[in-house]
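K.L.:
Any chance you can model this:
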Amino acid sequence: MALNRGYLPPSLTQIPSKGNVWYVIITKPESLRGGKKNIQIRRSTGTTDRRLARIKQSQIVEEIYAEWDRLLERDPFVELLEAYGC
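P.N.:
Residues are numbered from 1 along each chain as shown. As a prediction, this is how the structure comes out:
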């Protein structure tokens, strides 16, 4: 799995009301929240197969983190270098 870049870890949850499809759920950073009802982001894996959902989870999480990096104007590569004193 990719670096979390300081974001909270994702969870994989099966939602019965959505046909038992697995969803990736991640709590947003406080600076990206738009109110009490806009705390988490939820993305479908498009499958009811847990094994396949876990495979798709990594790509979905990476896309969400990249979107947040753009919104927060962060460059994870620069932050990684700074963390190692480069």
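
K.L.:
quick one, what contacts the nearest residue to Thr27 once chain neighbours are set aside?
P.N.:
In this structure, Thr27 finds its nearest non-sequential neighbour in Leu8, 4.5 Å apart by C-beta to C-beta, 6 or more residues apart in numbering. For glycine as for every other residue, the C-beta is placed from the backbone atoms N, C-alpha and C. The neighbours of Leu8, taking C-beta atoms under 8 Å, 6 or more residues apart in numbering as the test, are 26-27, 29.

K.L.:
Out of these, which end up buried?
P.N.:
Listed as buried from those are Ile26; burial here means 16 or more other C-beta atoms under 10 Å.

K.L.:
What ranges does the protein have for its strands?
P.N.:
11-15, 21-27, 40-44 (DSSP state E).

K.L.:
wait, which of these is closest to Val61?
P.N.:
Among the strands of the chain, the nearest to Val61 by C-beta to C-beta is strand 21-27 (6.2 Å).

K.L.:
returning to that earlier point: any idea which of the contacts of Leu8 is the one closest to Thr45?
P.N.:
Ile26 (13.1 Å).

K.L.:
And the closest one, how close does it get to Gly85?
P.N.:
Note on Ile26: its distance to Gly85, by C-beta to C-beta, to the nearest Å, is 29 Å.

K.L.:
And Trp22, by the same measure?
P.N.:
Using C-beta to C-beta, we find Trp22 at a distance of 40 Å from Gly85.

K.L.:
out of these two, which sits in the busier spot?
P.N.:
Legend: neighbour count by other C-beta atoms under 10 Å for Trp22 and Gly85, higher for Trp22 (22 against 5).

K.L.:
Isn't the more buried one up against Leu12?
P.N.:
Yes. Contact criterion C-beta atoms under 8 Å: Trp22 and Leu12 qualify, at 5.7 Å.

K.L.:
Can you check the pLDDT for Glu30?
P.N.:
Per-residue confidence at Glu30 stands at 85 (pLDDT).

K.L.:
Please apply the same query to the one 3 residues further on.
P.N.:
We have a pLDDT of 83 for Arg33.

K.L.:
could you measure the nearest residue to it once chain neighbours are set aside against Ile25, distance?
P.N.:
With C-beta to C-beta, 6+ apart as the criterion, Arg33 has its nearest non-adjacent residue at 5.7 Å, and that residue is Ile39. Ile39 sits 10 Å away from Ile25, going by C-beta to C-beta.
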